[in-house]
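1. generate a structure from the sequence data that follows.
(one chain, ligands or ions: 1)
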Amino acid sequence: MMVRDAATATAVAPLLQYVERPGIVDLAWGHPDPTLLPLAELRDAAQQVFDRYGADAVAYGHPAGAGPLIDWIHDRLAVVDTRAPDRSEILITAGTSAALDQIATMLTTPGDTVLVESPTYHLAVRILRDHPINLVAVPSDDRGLSVDRLAEAAHRLKRNGAPARLLYCVPTYNNPTGTSLDTARRAQLVDVAAREGIIIVEDDAYRELSFEGTPPPSLWSLDTHGVVVRLGSFSKSIAPGLRVGYLTASVGIVEQFASGGMLDSGGGNSHFAALMVATYASNGSFVATVQRFRAEYKARRDALLAPFAEARLDRVQWTTPRGGYFAWLTFGDDVDAEALRYRAEALGTSFALGVSFYLDRDRGRNAARVAYTRFDAATLRRAGELIVEAARGV
Ligand SMILES: Cc1ncc(COP(=O)(O)O)c(C=O)c1O
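-> Residues are numbered from 1 along each chain as shown. Next up, the predicted model:
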C-alpha cells in the first residue's frame, strides 16, 4: 500500500484548476473572468430542465447527444458559419479536449503520424501525446498555417512510409497567436488534405468570440470531401465547467463515434449539461451573453495592448486579435522571454512562454502569449505597462 507523504496530504481537496498567485496578474491562464459568467441564467436553465424533462433530464442520453442541443447548433451555425450542418453531421461532446482525445482514440492507430500546426495550443499537444502516435510540426507564417509546407510534409512522410493521418489546427482566432488563417488558404488547405488523405481536426473553440462581424468560414464549411472534423465548445461562449461542446463531421464519422464503446456504455456526452445549454440558448441567454463577452473582451484586448502601442519599442511586436482570448508578443531575436518573465514577475505580472507552443521547444524563445480575458481592463492595462517596463530593460 502507498502511504501518502505528510507533505503532500491536503486537508481539503481542491475545487478549481486556477491557482492564484498573490501579487501577480498572471496572463498565462486562458480562463474567463468569473465575474462575467451568466450564473443566474444558468441556474434558471437548470431549473427549467428539471421542469421540462423530469427524469429524462438525468437518464442516459441518446449516443449522438441531447436532441434539443443538436437542433439549436444546427440553427446557430447557419448564423455564425457559412454552412449549417445537417443534424446527422453533429455530435455533442464533453468539450473540445475530450473530443480531441476521442478522435485520437477512434481515428488513429499506434504509430500513426499526426501533423500539428506550429505554434499551437500546447494542451492539445499534451492530449495527443497521451496516445502512441508521432507528432510532426507544420509551420505557420503571418497568414496562418503554411499550405505549401503542409504539402511538403505530407509528401515527405509518404515517401518515408509514414503517411500523415490527421492534422490538428486552430485556424480561427488562434491559440496562441490570436491570428486567423487567411481566407484564400482555407480552401487550399482542405484540398491538400483531401488529396493527401489527411483528416483535418479543426479546433474552432473561439468562433463565437468575434470582435468584428462574422468570423471567417470554418474549414468544415468549405469541405466537400468529408475530411474535416470541426470541434466547437461552449467553454468560451458560456462557461468551461459545463463540459459541453460539439463536433461537426461527415455522417460516417459521427456514426462511428456514436456507435463506439464509450457512448454505447455511457450514453450521450454530458447529457444534463447539454440540456441546460439547449434551454439557456433557446431562452435567448446565449446570444445576449456572447454579445456581452465580445464587447468586454474587445475592450480588454485594447486595454492590455495600448501600452505597447504607446511605448512603440523597436524590439516589441504584438498581434491585435479580431477575436478569441490571446495576443502574441514577439521581442527582439536575442531576447530570452524567460528572463523577461522573471523581470515581469518581479514587477507584478506574468505570461506564458512562447516556447511552450512549439513541439520541439527550440522556437518561440523570444515570444510570449498573453490572455486578456481573466482580469478587468484597468488591471490589464497595468499588466501591459509592466511588461513594457520589463521589456525596456532587456
Ligand atoms: C484552442 C483551444 N481548444 C480547446 C480548448 C479547451 O476547450 P474545452 O474546454 O472545450 O475542452 C482551449 C482552451 O483554452 C483552447 O484554447
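2. so which elements touch the helix or strand where Val277 lies?
-> Here Val277, judged by DSSP states H and E, is contained in helix 271-282. Helix 271-282 sits against helix 39-53, helix 67-80, helix 285-311, with contacts defined as 3 or more C-beta pairs under 8 Å, 6 or more residues apart in numbering; DSSP states H and E. C-betas here are computed from N, CA, C, even on glycine.
3. again, only using 6 Å
-> Counting contacts by 3 or more C-beta pairs under 6 Å, 6 or more residues apart in numbering; DSSP states H and E, helix 271-282 is packed against helix 39-53, helix 67-80.
4. return the most buried member of those helices.
-> helix 67-80 (a mean of 18; mean count of other C-beta atoms under 10 Å).
5. does the ligand sit close to the helix holding Val277?
-> No: using C-beta under 6 Å from any ligand atom, helix 271-282 stays clear of the ligand, with a minimum separation of 12.0 Å.
6. angle of that helix against helix 67-80?
-> Helix 271-282 runs at 40 degrees relative to helix 67-80, counting by axes from the mean of the first three to the mean of the last three C-alpha atoms, to 10 degrees.
7. now helix 271-282, how far from the chain's geometric center?
-> How far helix 271-282 lies from its chain's middle: 21 Å, per C-alpha atoms, centre = their mean, to the nearest Å.
8. related to what we said a few turns ago, and of the helices and strands packed on helix 271-282, who's closest to the ligand?
-> Minimum separation from the ligand across these (C-beta to the nearest ligand atom) falls at helix 67-80, 14.1 Å.
9. CA atoms only for the closest one, dumped as CSV, please.
-> C-alpha atoms of helix 67-80 as CSV (Å, rounded to 0.1, in the frame of the first residue of the first chain):
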residue,chain,number,x,y,z
GLY,A,67,-31.5,16.3,-29.4
PRO,A,68,-32.6,19.8,-28.3
LEU,A,69,-29.0,20.9,-28.3
ILE,A,70,-28.3,19.3,-31.7
ASP,A,71,-31.3,21.2,-33.1
TRP,A,72,-30.0,24.5,-31.7
ILE,A,73,-26.5,24.0,-33.0
HIS,A,74,-28.0,23.3,-36.4
ASP,A,75,-29.7,26.7,-36.4
ARG,A,76,-26.8,28.6,-34.8
LEU,A,77,-24.1,27.5,-37.3
ALA,A,78,-26.3,28.9,-40.1
VAL,A,79,-25.7,32.3,-38.4
VAL,A,80,-22.0,32.2,-37.3
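10. each with direction, which strands does the helix or strand following it pair with?
-> Where DSSP H and E defines the elements, the next helix or strand beyond helix 67-80 is strand 90-93. When pairing is defined by DSSP bridges, strand 90-93 lines up against strand 245-248 (antiparallel).
11. buried ones in the helix or strand just after the strand it pairs with?
-> Moving toward the C-terminus from strand 245-248, the next helix or strand (DSSP H and E) is helix 251-258. Counting neighbours by 16 or more other C-beta atoms under 10 Å, one finds that the buried residues in helix 251-258 are Ile253, Val254, Phe257, Ala258.
12. what's the answer for stretch 283-294, then?
-> Within stretch 283-294, the residues scored as buried using 16+ other C-beta under 10 Å are Ser285, Phe286, Thr289, Val290, Phe293, Arg294.
13. the helix holding Val277 to helix 285-311, inter-axis angle?
-> Helix 271-282 runs at 80 degrees relative to helix 285-311, counting by the same axes, to 10 degrees.
14. what is the rounded mean pLDDT of helix 271-282?
-> When pLDDT is averaged over helix 271-282, the result is 98.
15. could you check the pLDDT of Met2?
-> The model reports Met2 with a pLDDT of 50.
16. spatially nearest residue to the residue most central in space within the chain (excluding sequence neighbours)?
-> For the chain, Ala205 is the residue whose C-alpha lies nearest the centre (C-alpha atoms, centre = their mean; 4.3 Å). Nearest non-adjacent residue to Ala205, counting by C-beta to C-beta, 6 or more residues apart in numbering: Ser233, 4.5 Å away.
17. now that neighbour: phi and psi?
-> Per-residue torsions, Ser233: phi -150, psi 150 (degrees, to the nearest 10).
18. now for the residue in the stretch 251-394 of the chain that the ligand sits nearest to: which residues touch it?
-> In the stretch 251-394 of the chain, the residue that lies nearest the ligand is Tyr325 (6.7 Å; C-beta to the nearest ligand atom). Going by C-beta atoms under 6 Å, 6 or more residues apart in numbering, Tyr325 touches Gly30, Ala371, Thr373.
19. let me know how buried the residue nearest to Ala377 when sequence neighbours are not counted is, in neighbour terms.
-> Spatial nearest neighbour of Ala377, chain neighbours left out: Ala303 (3.8 Å); criterion: C-beta to C-beta, 6+ apart. By the criterion of other C-beta atoms under 10 Å, Ala303 has 20 neighbours.
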